[in-house]
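*Asks:* Give me a 3D structure for the following:
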Amino acid sequence: MRIGIVCYPSVGGSGIVATELGKQLARRGHEIHIISSEIPFRLHEFYDNIYFHQVETPAYPLFKEPPYLLSLANKLVEIHRLVGLDIIHAHYAVPHATAAYLAREMIGPGGPKVVTTLHGTDITLMGSDPSFAEIIAFSINQSDAVTAVSRSLKSDTYRTLRVTREIDVIYNFLECSEWRHTDTPGMCSRLARCGEKIIVHMSNFRKVKRVEDVVRTFAYIAKAMPSRLVMIGDGPELSSCASLVQELGLRDRVLFMGNQEQVVPLLSVADLFLLPSAQESFGLAALEAMACGAPVISSDAGGLPEVVVDGETGFLAPVGDVEGMAAKAIRLLSDPIMHQEFSEASVNRVRTTFCSSLIIPQYEDLYRHVLGIKEEFPVYPNVGD
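*Replies:* Residues are numbered from 1 along each chain as shown. The predicted model follows:
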């Protein structure tokens, strides 16, 4: 099957999931065309059956802002005429599903079907803005199929927008053969002193991630036991977060590592993962930590309760409850037996619910449904970009 995947190239969850979906589908014999403004974060090497198409938006004095949506729609039409796409899978409603709709209309009868996956901020942030609400709802309703990455996001979509299209919930996933506890010699000693607990946070450091709550929670933990905080990622709140670390006298206890491509070794030495976000439509970072055996302390926002099982793989707390999160963290870190049980339960939950081998067939079934195909897809010969 020939599938065009439209996504953002950034390190955010939607771009990662879209790219990983493309990789998994390619391994299963489908021909995948990734369409984005740049090569996605996790596609910087060659993969069989995957072809990258870059959307270039020329700057014209007539336009105040580059018309990316129009360039993307035009590119989708070009790709379809080149290879004959069966599906355009748009990750995010605006601009990707909108561009896919325009491309389908330009192509006309016999063109590709449009599948839209909602990841979060296209609904929880943009969808609540009157400037975008109508076009987002229209793009969703005009899709041939729509998925959301959690039940929470599905509910938010119906509550926020005038959406009439049925939404299927298909969870985010991991390739479990790659996302697992890995012993890397010397990694623990590079991050912490002997006997210190290693607390990890990983995000794009946007305001919604409440990274200052991470630091304030860690300050309580650091008073209770020898510990070190490892901050993975970068973003607009990094500066204020670093200032708070300095203000609380924690500079020698906190390590800022910036964006990292290989995070499994880092998560594998984590004793605990903190994710106190104000909103998470799923919580992919929490899932990645759990896969490596790290229990999670998180807020109870959005889709996080669908990932983190309170009292089993970690603990949940209300958004902003720094003291509550710290108390739960200290309790868990102080009880080796409980910590081991939570660690094992975290790995087990990922492997029984969120492995790619369980999730990818759900997408394939969805593609079959929109195309009206009952039998297995044929494998096409390779074509170049």
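
*Asks:* What degree of burial does residue 323 show, as a neighbour count?
*Replies:* For residue 323, the neighbour count with other C-beta atoms under 10 Å is 12. From N, CA and C alone the C-beta is placed, and that goes for glycine too.

*Asks:* Quick check: phi and psi on it?
*Replies:* In terms of degrees, to the nearest 10, the main-chain angles of residue 323 are phi -60, psi -40.

*Asks:* I figured it hits residue 223, correct?
*Replies:* No - Residue 323 is beyond contact range of residue 223, at 11.8 Å (criterion: C-beta atoms under 8 Å).

*Asks:* Extract the CA atoms of the host helix or strand of residue 24 and return them as CSV.
*Replies:* Secondary structure from DSSP states H and E places residue 24 in helix 13-27. Output in CSV follows, covering the C-alpha atoms of helix 13-27 (Å, rounded to 0.1, in the frame of the first residue of the first chain):
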residue,chain,number,x,y,z
GLY,A,13,5.3,13.8,20.2
SER,A,14,3.3,14.1,16.9
GLY,A,15,6.3,14.2,14.7
ILE,A,16,7.9,11.3,16.5
VAL,A,17,4.8,9.1,16.4
ALA,A,18,4.2,9.9,12.7
THR,A,19,7.8,9.0,11.8
GLU,A,20,7.8,5.8,13.8
LEU,A,21,4.4,4.8,12.3
GLY,A,22,6.0,5.2,8.9
LYS,A,23,9.0,3.1,9.9
GLN,A,24,6.8,0.3,11.2
LEU,A,25,4.5,0.3,8.1
ALA,A,26,7.5,0.2,5.9
ARG,A,27,8.8,-2.9,7.7
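
*Asks:* Pairing partners for the next helix or strand after it, with directions?
*Replies:* Next in sequence after helix 13-27, counting helices and strands by DSSP H and E, comes strand 31-36. Applying DSSP bridges, strand 31-36 is found paired with strand 2-6 (parallel), strand 50-54 (parallel).

*Asks:* coming back round to it: if we look at the helix holding residue 24, which residues are touching it?
*Replies:* Applying C-beta atoms under 8 Å, 6 or more residues apart in numbering, the contact partners of helix 13-27 are 3, 5-9, 32, 34, 36, 40-43, 47-50, 89, 91-92, 117, 119-120, 149, 172-175, 282, 284-285, 356, 360, 363-364.

*Asks:* what do you get if the cut-off is 6 Å, keeping everything else the same?
*Replies:* 5, 7-9, 32, 34, 40, 42-43, 47, 49-50, 91-92, 119, 172, 284, 356, 360 (C-beta atoms under 6 Å, 6 or more residues apart in numbering).

*Asks:* swap in stretch 173-193?
*Replies:* 198, 228, 230, 264-265, 268-269, 291-293, 351, 354-356, 359.

*Asks:* Give the buried residues for the longest helix seen in the chain.
*Replies:* Across the chain, the helix with the greatest residue count (assigned by DSSP state H) is helix 336-353. Residues of helix 336-353 classed as buried by neighbour count (16 or more other C-beta atoms under 10 Å): 339, 342-343, 345-347, 349-351.

*Asks:* quick check, nearest of those to residue 259?
*Replies:* Distance ranking of these against residue 259, using C-beta to C-beta, places residue 350 first at 22.9 Å.

*Asks:* What are the neighbouring residues in contact with the closest one?
*Replies:* By C-beta under 6 Å, 6+ apart, the neighbours of residue 350 are 290-291.

*Asks:* please redo it, this time with the cut-off set to 8 Å
*Replies:* Residues near residue 350 by C-beta under 8 Å, 6+ apart: 174, 176, 179, 287, 290-291.

*Asks:* got it, and residue 313?
*Replies:* Taking C-beta under 8 Å, 6+ apart, we find residue 313 in contact with 290, 295-296, 342, 345-346, 349.
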